[in-house]
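Chemist: could you look at this predicted model? Sequence included:
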Number of protein chains: 2
Amino acid sequence: MTDKKQPLQLDFHSGLPIYTQIVEQIQSQLANGILKPGDQLPTVRALAQELRVNFNTVARAYRILDEARIISTQQGRGTYITEIPPPEVSEKLRNESLAALTHRFISESFRLGFSEREVSQMVRDSLKSWKEAKDSDDE
Amino acid sequence: MTDKKQPLQLDFHSGLPIYTQIVEQIQSQLANGILKPGDQLPTVRALAQELRVNFNTVARAYRILDEARIISTQQGRGTYITEIPPPEVSEKLRNESLAALTHRFISESFRLGFSEREVSQMVRDSLKSWKEAKDSDDE
DNA sequence: TCCTTTATTGTACTAATTGTATCATTGTAT
DNA sequence: ATACAATGATACAATTAGTACAATAAAGGA
């Protein structure tokens, strides 16, 4: 119903940069459920044409959203709303997000034939080497 | 038993190229005995149709695996898992493929702002509930 | 049997679609 | 006038798709 494709509306005289308007409207549509995790956004060129704007302006907006982990842009493929949006939200949602992510990982590991033992060992090792890498960065 | 034909599962907005996902999953399946030396893989066209992907994308994955001597592709005949199963390579491959999977999971978790502590706790919980589910199945 | 035909398979090359990087232009504030 | 931010232009790179081709095997007929 209200979650149909909603064209962005720019105000060229508002003083707000176009890319900012794009960023904010996409954020707002995500917050309102008009856009949902996994949704594909228009290509930079398509959205640019629709908005009568240079596609680099759209690309800039997408880059900002990408750095904010809100969308995932993939060269040659397209841009998508991140599956698990960065939860500045509730602790509950935050926890559910990690649970979902972990569930997918473990499920996939088992599907591929790895054992519980192997999985937990690999997670330990991987976390350990991650910490070591981080520590050496901090020096 | 668990070594039946296992369909590949693609995630089209994971950020990983499709051909990479195909490569990694075939490697994992081989490492875990789901695929065995001598097994014939689906033809590029058949697998492409199953995955709803262009057959050149599958061909690209096969070419990579072929160059790695993991499969042998023969024009006009098909593609087969390489006969010679280098045992230590197999174990190595198995380890590497779980490591890659784990690395992606942890990387994504950190990217979303979760702490090492949270991740390892969630993995423990998730594995535990998995085992419980399995135990109740066995009854 | 032997040859021809046809279907099936992978290969090679090209095109289309997508995002990226870099620099030029424009407008505005200082 | 200068500096800076926003936008646009252009060239590029990565991924996937389209098309034509070549090798192999299987089928059919002389």
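Modeler: Here it is on my side, so go on.

Chemist: domain assignment for chain A?
Modeler: A:18-81, A:91-138 (automatic domain parsing).

Chemist: which one of those lies closest to chain B?
Modeler: Chain B sits nearest to domain A:91-138 of all the domains of chain A, at 2.9 Å, using C-beta to the nearest C-beta. Every C-beta, even on glycine, is put in place using the N, C-alpha and C of the backbone.

Chemist: hmm, that closest one touching chain B?
Modeler: Yes - for domain A:91-138, a contact with chain B is found by C-beta under 8 Å from any C-beta of the partner chain, at A:97-99, A:101-106, A:108-114, A:116, A:118-120, A:122-124, A:126-127, A:130-131.

Chemist: show me where pLDDT drops low in chain A?
Modeler: Confidence mapping of chain A against pLDDT under 70 gives the ranges A:1-4, A:84-91, A:133-139.

Chemist: and the strands in it?
Modeler: Taking DSSP state E as the criterion, chain A carries its strands at A:40-41, A:71-74, A:78-81.

Chemist: now do the last one: everything it contacts.
Modeler: Contacts made with strand A:78-81 from outside it, assessed by C-beta atoms under 8 Å, 6 or more residues apart in numbering or on different chains, are listed as A:30, A:35-41, A:43-44, A:62, A:66, A:70-74, B:13.

Chemist: now list the buried members of those.
Modeler: With burial judged by 16 or more other C-beta atoms under 10 Å in any protein chain shown, the buried subset of the contacts of strand A:78-81 is A:30, A:35, A:39, A:41, A:43-44, A:62, A:66, A:70-74, B:13.

Chemist: which of those lies closest to DNA strand D?
Modeler: Of all the buried ones among the contacts of strand A:78-81, DNA strand D sits closest to A:Gln74, with 6.6 Å by C-beta to the nearest atom of the strand.

Chemist: contacting residues around that closest one?
Modeler: By C-beta under 8 Å, 6+ apart, the neighbours of A:Gln74 are A:80, B:13, B:15.

Chemist: buried residues, stretch A:12-24. List them.
Modeler: Going by 16+ other C-beta under 10 Å, stretch A:12-24 has these buried residues: A:18-19, A:21-23.

Chemist: got a list of contacts for it?
Modeler: With contact meaning C-beta under 8 Å, 6+ apart, stretch A:12-24 is reached by A:8, A:10-11, A:47, A:51, A:53, A:57-58, A:60-61, A:64-65.

Chemist: could you flag which of the residues you listed are buried?
Modeler: Among the contacts of stretch A:12-24, those buried by neighbour count (16+ other C-beta under 10 Å) are A:8, A:10, A:47, A:51, A:53, A:57-58, A:60-61, A:64-65.

Chemist: which ones among those residues map onto helices?
Modeler: A:47, A:51, A:57-58, A:60-61, A:64-65 (DSSP state H).

Chemist: distance of the closest residue to DNA strand C within chain A from A:Gln74?
Modeler: Nearest to DNA strand C in chain A, going by C-beta to the nearest atom of the strand, is A:Thr43, at a distance of 3.2 Å. In this view, A:Thr43 and A:Gln74 are 11 Å apart by C-beta to C-beta, to the nearest Å.

Chemist: pull up the overlap in contacts between the two.
Modeler: With C-beta under 8 Å, 6+ apart, A:Thr43 and A:Gln74 have no common neighbours.

Chemist: neighbours of A:Ser107, how many?
Modeler: Burial of A:Ser107, expressed as a neighbour count using other C-beta atoms under 10 Å in any protein chain shown, amounts to 13.
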